[in-house]
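In: Return atomic coordinates for the entry below.
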Amino acid sequence: MKIIDDVMPVVMQNQLHSMCISQDFSWGFLEDCTFNNDQLAAHMNKPRYPAFCHLALMDGKTRNETATLMSSMLLCMSDKAGLNPNHLHRARFGMYLPIRNPPLHNNIHTDMKEPHTVCLYYVNDADGDTFFFDKSRQIVERISPKKGRMVVFDGFTLHASSMPVESSHRISLNLGYVKRVS
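Out: Below is the predicted model of the structure:
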């Protein structure tokens, strides 16, 4: 695991945050922040923690103008993480709002089934840490969201977000890199 603070210049950090909180930025509702609405049936026995998401890029293809608007930011993040930007498979924003009686953390998971690397970028300062677990699901690391911070880790590392308690919102950008065979 690698933690990189100020992964891009402050002006870019501010621009990305402004984009995410703009009234023009489209957020979609998720019944659970870990599993998309199509996956919920397979996880019926797990508690649900609502959130909002914005999928900017999927399967290496832009889904809307967001990925284009932030292309220089994505290049900057890829470079700092030492990853090939052409291997970027998914770019998904998550916005978490405070809920009553939140758990210590949300559902433990990995993001994809195939080998991948995750870059988790924090868009704003907030509480609502990200938790990392060993194979027996014991907490081994806890990272606090800090604007401009990015955590790079193996995609098979079990992790979980948590809801903010004091902050009005927590926004993160989850980047998934998959090695592509040419």
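In: Straight-line length of stretch 132-149, end to end?
Out: Stretch 132-149 has an end-to-end distance of 16 Å (criterion: CA to CA, to the nearest Å).
In: again, but for stretch 62-74
Out: Length of stretch 62-74, first residue to last, CA to CA: 12 Å.
In: Figure out how far that stretch is from the centre of its chain.
Out: Its chain's C-alpha centre and that of stretch 62-74 lie 15 Å apart, by CA atoms, centre = their mean, to the nearest Å.
In: which outside residues touch it?
Out: Contact with stretch 62-74 is made by 8, 12, 15-16, 19, 25-26, 54-57, 85, 88, 91, 175, as judged by CB atoms under 8 Å, 6 or more residues apart in numbering. C-beta: built from backbone N, CA, C; applies to glycine.
In: Recalculate using a threshold of 10 Å.
Out: 7-9, 12-13, 15-16, 19-20, 25-26, 54-58, 61, 76-77, 85, 88, 90-93, 119, 121, 173, 175 (CB atoms under 10 Å, 6 or more residues apart in numbering).
In: wait, isn't Lys179 in contact with Leu88?
Out: No - Lys179 is beyond contact range of Leu88, at 11.2 Å (criterion: CB atoms under 10 Å).
In: out of those two, which sits in the more crowded spot?
Out: Legend: neighbour count by other CB atoms under 10 Å for Lys179 and Leu88, higher for Leu88 (21 against 12).
In: ok, the more buried one touching Asn174?
Out: No - look at Leu88 against Asn174 with CB under 10 Å: they stay out of range, at 11.3 Å.
In: can you list residues touching both of these two?
Out: Applying CB under 10 Å, 6+ apart, one finds that Leu88 and Asn174 are jointly contacted by Cys119.
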